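Participant: Below: sequence and its predicted model.
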Amino acid sequence: MVHTFTALGQYLAADVNSGAVHVLDRMGYDLLSKVEGPMGEKCPQELKDQLPQYDPKELDELWEELRGLQEQGLLFSSDDYIDADKAMALPRQAVVKALCLHVSHDCNLRCKYCFASTGDFGTGRKIMSFETAKRAIDWVVQKSGKRRNIEVDFFGGEPLMAMDTVKKTVEYARSLEKEHDKVFRFTITTNGVLLNDENIEYINREMSNVVLSLDGRPSVNDHMRPTVNGKGSYDVIVPKFQKLVAGRGTKDYYARGTFTRENLDFGEDVKHLASLGFRSVSVEPASGPLDDPFAIKEEDLSQVKAEYEKLAGELLGRKDVNFFHFNVDLKQGPCVIKRLRGCGAGCEYVAITPDGDIYPCHQFVGKEEYRMGSVYDGSFDMEISGKFADQNIYTRPACRQCWARFYCSGGCSASNLLVNGDISQSNEVACEMERKRLECAIAMKAIAAGMGETGNTECNNTDCNQCGDCQ
Amino acid sequence: MKHIQTLNGATLKASAAKGGCGECQTSCQSACKTSCTVANQKCENQ
């Protein structure tokens, strides 16, 4: 499968199975877009007839050029990683290596789009005891088998409301590292309200990554992320986040916002976050069921895609901001085995509630039918885990047909469930946004490499055939 | 090459030979908790 596309005025082709990416001229794009591989020896006359604007001899030369790439395994390459029909037999070993530790099912903000029912996941406001966290750590040490790196994300609700549990858990886990030959990487996702000098210093010392929740412009943030008393949170949290980032050195962090149907000009929020001094920025679409008032809908897609393209053009060449979704490593990203089954929810990655209950991921917490077990009795439902282990880019019907499958690795089971009632049935709106982000990211790579034609980076059209202005 | 420049070669095929150690980050956990892009992650073995 070859995906031809235009973005940022570039003509591009991604060979899905090999991972090869090519930058084309307009003629190359026009011809390759019409080719269904594998390519034969000669350019078919019917294709030449469809492209009367080009000299037939030049098309023959171009065909030869494309054929050369095919022979090198860089176009129309076969998918020989796995027998698709045997994909169900991928190992169901459930080696758990990452925990989302819900240390707090309580929150001091009342974000309107919150998927966690304002922090308690519908299960009552609770703080995780150290005893429960300790059992979770013991459990993941045992379940991780020979895997050395273990990730623990302190999550909520708002995890700073459980700072005592956080500190004791880190100390306890560190005490096990040497004996069990493990390396714990801690991360925390916070709304920032309770940040102070002491916990900023602690977070910057102990957490390998920190996610700072902030939606962008003051009006956008304060509308969606009010305090319990209904006041805006922007003025409270921004100075604290800036202080944290200033002391972070080279450690990872993300200023992370959510955009909804109410701010489809979210590129302005990305740029606003950058203007505050945050170099690593992620602004993500709100997810939710079809009747969710904030989640992006099919009818929003043209505007969202145009906004991504506009943002990509504006971020070109900027060194002061790294937008998470335009950050694709074409050369040294994860291996193809990782890419078959991306997120690992329910098998490699699980969420633990304040009561010690285990769920496939944070977004399933509170859905009783997905409760997998408990760290108190060591139970772990392999039937549920197996259902998640079976989710991969060959078993999900939409992924099998999708050019982006090795980049996104199959999407989000929770999102699929919310929208389609089935973890296997892809949320097509989310997929469309993902594909557009990837196209922008690849085009940015091409431009950064100095490839392609001069291009029209001012163009916001998502379909190159919409106009013709740049021919 | 007159009409085509190759930005990236067959890196996926190459990775199949030595991949699968499982030491890399879980993708959703890596930054955003609602996002599944995997191609922006690091390989722990490189």
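Facilitator: That came in fine, so what should we check first? Keep in mind that this is a model prediction, so the values were computed, not measured.

Participant: Around chain B, pick out the residues from the stretch 301-450 of chain A.
Facilitator: A:324-325, A:327-339, A:342-345, A:348-349, A:361-363, A:406-412, A:415, A:434, A:437-438, A:441-442, A:445-446, A:449 (C-beta under 8 Å from any C-beta of the partner chain). Just so you know, the C-beta spots here come from the backbone N, C-alpha and C atoms, and that holds for glycine as well.

Participant: Give the ChimeraX command for selecting the buried subset of these.
Facilitator: This is how ChimeraX selects the buried members of these, with burial counted by 16 or more other C-beta atoms under 10 Å in any protein chain shown:
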select /A:324,325,327,328,329,330,333,334,335,336,337,338,339,342,343,344,345,348,349,361,362,363,406,407,408,409,410,411,412,415,434,437,438,441,442,445,446
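
Participant: quick one: which of the residues of the stretch 301-450 of chain A next to chain B sit in strands?
Facilitator: A:Tyr349 (DSSP state E).

Participant: Just give me the longest helix of chain A.
Facilitator: helix A:428-448 (DSSP state H).

Participant: Who are the contact partners of A:Cys399?
Facilitator: By C-beta atoms under 8 Å, 6 or more residues apart in numbering or on different chains, the contact set of A:Cys399 is A:Asn392, A:Ile393, A:Arg405, A:Gly410, A:Gly411, A:Ser426.

Participant: Would you mind giving those residues as TSV with pLDDT and distance to A:Ile296 added?
Facilitator: Shown next, in TSV, are those (pLDDT from 0 to 100; distance: C-beta to C-beta, whole Å):
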residue	pLDDT	distance to A:Ile296
A:Asn392	88	25
A:Ile393	88	23
A:Arg405	92	21
A:Gly410	87	19
A:Gly411	88	14
A:Ser426	95	15
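
Participant: from those, which single one is nearest A:Asp60?
Facilitator: Distance to A:Asp60 across the contacts of A:Cys399 (C-beta to C-beta) is lowest for A:Arg405, with 33.1 Å.

Participant: Pull the number of nearby residues for that closest one.
Facilitator: 25 (other C-beta atoms under 10 Å in any protein chain shown).

Participant: Give the helix, strand or coil label for the closest residue to it other than its chain neighbours.
Facilitator: Using C-beta to C-beta, 6 or more residues apart in numbering or on different chains and skipping the chain neighbours, the partner closest in space to A:Arg405 is A:Ile393 (4.2 Å). At A:Ile393 the chain is in coil, as set by DSSP: H, G, I helix; E, B strand; the rest coil.

Participant: The closest residue to chain A within chain B: what's it in contact with?
Facilitator: Closest to chain A within chain B is B:Gly19: 2.3 Å, counting by C-beta to the nearest C-beta. By C-beta under 8 Å, 6+ apart, the residues touching B:Gly19 are A:Pro334, A:Cys335, A:Val336, A:Ile337, A:Lys338, B:Cys43.

Participant: gap between the fifth one and A:Val281?
Facilitator: Okay, so that is A:Lys338. Noted for A:Lys338: a distance of 25 Å to A:Val281, by C-beta to C-beta, to the nearest Å.

Participant: try the fourth one
Facilitator: As judged by C-beta to C-beta, A:Ile337 and A:Val281 stand 30 Å apart.

Participant: Packing partners of the worst-scoring helix or strand of chain B on mean pLDDT?
Facilitator: Among the helical and strand segments of chain B, the one scoring lowest on mean pLDDT, DSSP states H and E is helix B:11-18, with a mean of 76. With contacts defined as 3 or more C-beta pairs under 8 Å, 6 or more residues apart in numbering or on different chains; DSSP states H and E, helix B:11-18 has these neighbours: helix A:336-340.

Participant: Please name the spatially closest residue to A:Lys271 (chain neighbours excluded).
Facilitator: The shortest distance from A:Lys271 to any non-neighbouring residue, by C-beta to C-beta, 6+ apart, is to A:Glu314 (6.9 Å).

Participant: Please see if stretch A:65-80 touches chain B.
Facilitator: Yes: contact of stretch A:65-80 with chain B (C-beta under 8 Å from any C-beta) involves A:Glu65, A:Leu66, A:Leu69, A:Gln72, A:Gly73, A:Leu74, A:Ser77.

Participant: Could you work out the end-to-end span of that stretch for me?
Facilitator: 24 Å (C-alpha to C-alpha, to the nearest Å).

Participant: Great, nothing more from me.
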